[in-house]
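**Q** Take this sequence and fold it.
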Amino acid sequence: MTNPFVDKAKEEMGTIERLLKGLPIIRGYVNKELRRDADFRLRQILTDELNAEKGRLYAIQQKLLSGGGLRYLEDVDKVIQKLQTLADRVRTASYGYAGLFNAVRIREEQLDALHRFDVALANRTYEIREGIDALGKAIESKEGISAAIDALDTKLTEFGRLFDQRHRAVEDPDFLTKESAPAVSEEWMQAADQYGTKEK
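**A** Purely as a prediction, here's the structure:
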């Protein structure tokens with residue numbers, strides 16, 4: 001029996017593979033000296049993806065201009081600014097990090113929780129991409145544009161909240177428990193393992 005997620009993943013292999021392969025492997029957090037590099041790599045891949053999606057939103061703005069959708073331009077511009085703010089926060093967030101990077105020992109459950117945060121953020125980034133796809137389709141059909149903009153805005157807010165939680169966890173490793181980690185579908189966890197982001 002085919003797995004719908006796997007089928008979709010094959011269709012979007014470039015995006016999903018790039019996201020998941022960019023995530024730090026668990027070993028990167030075990031070694032104290034590598035933790036900042038592992039975190040930097042995670043933030044870089046997320047920032048690159050968010051900036052790429054911002055570029056796609058600019059293209060959507062141009063479609064609105066040429067297609068008579070001037071009344072939606074301000075709303076789309078607000079979403080672009082929100083996306084830019086998120087990308088900037090992700091890129092610079094390590095400044096001031098302490099706990100996780102200074103702690104000598106990190107428990108297995110903390111590493112598992114951090115991995116779940118990383119996979120969840122990759123998942124949210126992919127959902128943002130899907131939201132932009134949906135907005136593009138709405139503009140082409142000239143139906144449901146406001147709803148698509150609102151849905152995308154909600155996805156950006158959810159990404160921001162999740163990144164805030166991860167930031168808190170990195171500052172205070174005691175917050176990192178399996179119970180505090182975000183729920184991630186088994187499909188995404190399996191895909192992350194498949195692409196080699198988590199070492200056994």
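**Q** Same question for A181, what's its three-state structure.
**A** coil (DSSP: H, G, I helix; E, B strand; the rest coil).
**Q** An error on my part: the question was meant for T177.
**A** With three-state DSSP as the criterion, T177 reads coil.
**Q** Out of the helices and strands in the protein, which is least certain?
**A** Taking mean pLDDT, DSSP states H and E as the measure, the chain has helix 4-11 as its least confident helix or strand, at a mean of 52.
**Q** which residues are in contact with the host helix or strand of A87?
**A** Applying DSSP states H and E as the criterion places A87 in helix 73-92. With contact meaning Cβ atoms under 8 Å, 6 or more residues apart in numbering, helix 73-92 is reached by 43-44, 46-47, 50-51, 53-54, 57-58, 60-61, 64-65, 128, 135, 146, 149, 152-153, 156, 159-160, 163. Any C-beta I mention is one placed from the backbone N, CA and C, and that applies to glycine too.
**Q** can we see that at 7 Å?
**A** The contact list for helix 73-92, computed with Cβ atoms under 7 Å, 6 or more residues apart in numbering, reads 43, 46-47, 50-51, 53-54, 57-58, 60-61, 64, 149, 152-153, 156, 159-160, 163.
**Q** mind listing the helices for the protein?
**A** 4-11, 13-21, 26-30, 35-66, 73-92, 99-102, 108-141, 145-171, 186-194 (DSSP state H).
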